[in-house]
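[1] What would the 3D arrangement of this be:
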Amino acid sequence: MKNIPISALIGLFFTGLYFLTALLAPWIAPYGMGEIVGDVWEPSSSEYLLGTDSIGRDLLSRMIYGGRTTIFIATAATILSFVTGSVLGFLAAVVGGWIDQVLSRFVDLMMSIPTLIFALVVLSVTPVTIPMLILVMGLLDATRVYRLARAVAVDINVMDYVEAAKLRGEGRGWIIFREILPNALSPLVAELGLRFIFMVLFLSTLSFLGLGVQPPEADWGGIVKENKEGIVYGIPAAIVPAVAIATLAISVNLVADWVLNRTTSLKGGRGG
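    Predicted structure coming up:
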């Protein structure tokens, strides 16, 4: 703990708090996610700590369940993007040749299309379900992970310990998972936090535009959309989820910065 800066501790605290709240949502939420418990936009009180939303649901309960949905989708999409992007990036770096060219040019093509526009087009013609959101978000973001993984793997692939493994006759699977992956984890882990933040913001944007999580399910971007009219009347119901999104993003970013500072250079190889 003594070697962890205060900014990282703050980030770890709030990140852990959000994830713990998401895990315990059914047990700590005072009301059901879609349960109408009062009048429209009631102010904060002992009964409704954050007031009610645009149709009389408890805002605190919606926030807790919405946080669970937001964090689950963002986490799943981040894992999908890293698994897909890393494996393909490592494969392109190790195999090279036409496989590298085809994968890299395809990724370049995908990255030339604005991510949000691409997602809106896909989601407008497919059923907007949570698995579909995870699939679309994860695969679109995998292009960014691919570029990073390939760039790191190209440098590692020419190291002495990798050449030694090739001379021993090790296969490509061994090279990728036993030689390159352990030595590429540092930059990938540092990037993980940044991509997670992007997923949270991406999902919130999709939901605000109506193509994210569909009612009566809740996520933070959708809660902003549901209550945005209240801002005109000075009702803070739309501000609360916006603050939650910003707080989570800053917290994860603080942790990611700390990890990045600790892993600024590639670790040495295993020596074969």
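
[2] Point me to the helix or strand that includes L260.
    Per DSSP states H and E: L260 is located in helix 239-262.

[3] how far away is L50 from P236?
    For L50, the distance to P236 (Cβ to Cβ, to the nearest Å) stands at 9 Å. For the C-beta atoms, the positions are set from N, CA and C on the backbone; glycine is no exception.

[4] Tell me the backbone dihedrals of E42, please.
    As for E42, its main-chain torsions (degrees, to the nearest 10) stand at phi -70, psi 150.

[5] Pull the number of nearby residues for it.
    A count of nearby residues for E42, using other Cβ atoms under 10 Å, gives 19.

[6] What sits closest to it if chain neighbours are left out?
    Once flanking residues are discounted, E42 sits nearest to T52: 4.3 Å by Cβ to Cβ, 6 or more residues apart in numbering.

[7] contacting residues for the one you found?
    By Cβ atoms under 8 Å, 6 or more residues apart in numbering, T52 lies in contact with V37, G38, D39, V40, W41, E42, D58, L59, A237.

[8] Next step: those restricted to helices.
    Members of these lying in helices (criterion: DSSP state H): L59.

[9] Could you turn the buried ones of the contacts of T52 into a PyMOL selection?
    For the buried members of the contacts of T52, the matching PyMOL selection, counting by 16 or more other Cβ atoms under 10 Å, is:
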select buried, resi 38+41+42+58+59+237
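
[10] pLDDT-wise, what's the bottom of the contacts of T52?
    On pLDDT alone, G38 ranks lowest of the contacts of T52, at 84.

[11] beta partners of the residue nearest to E42?
    T52 forms beta bridges with D58, as assigned by DSSP bridges.

[12] ok, G212 touching L133?
    Yes. G212 lies in contact with L133 (Cβ atoms under 8 Å); the separation is 6.6 Å.

[13] Please identify every residue contacting each of these two.
    L203, L206.

[14] check contacts around A119.
    Counting by Cβ under 8 Å, 6+ apart, A119 touches V136, M137, L140, F202, L206, L211.

[15] Okay, now the unreliable bits of the stretch 151-272 of the chain?
    By pLDDT under 70, the low-scoring segments of the stretch 151-272 of the chain are 263-272.

[16] Serialize the contacts of T52 to CSV and add fields for distance to S186.
    Shown next, in CSV, are those (distance: Cβ to Cβ, whole Å):
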residue, distance to S186
V37, 48
G38, 50
D39, 53
V40, 51
W41, 48
E42, 50
D58, 43
L59, 41
A237, 42
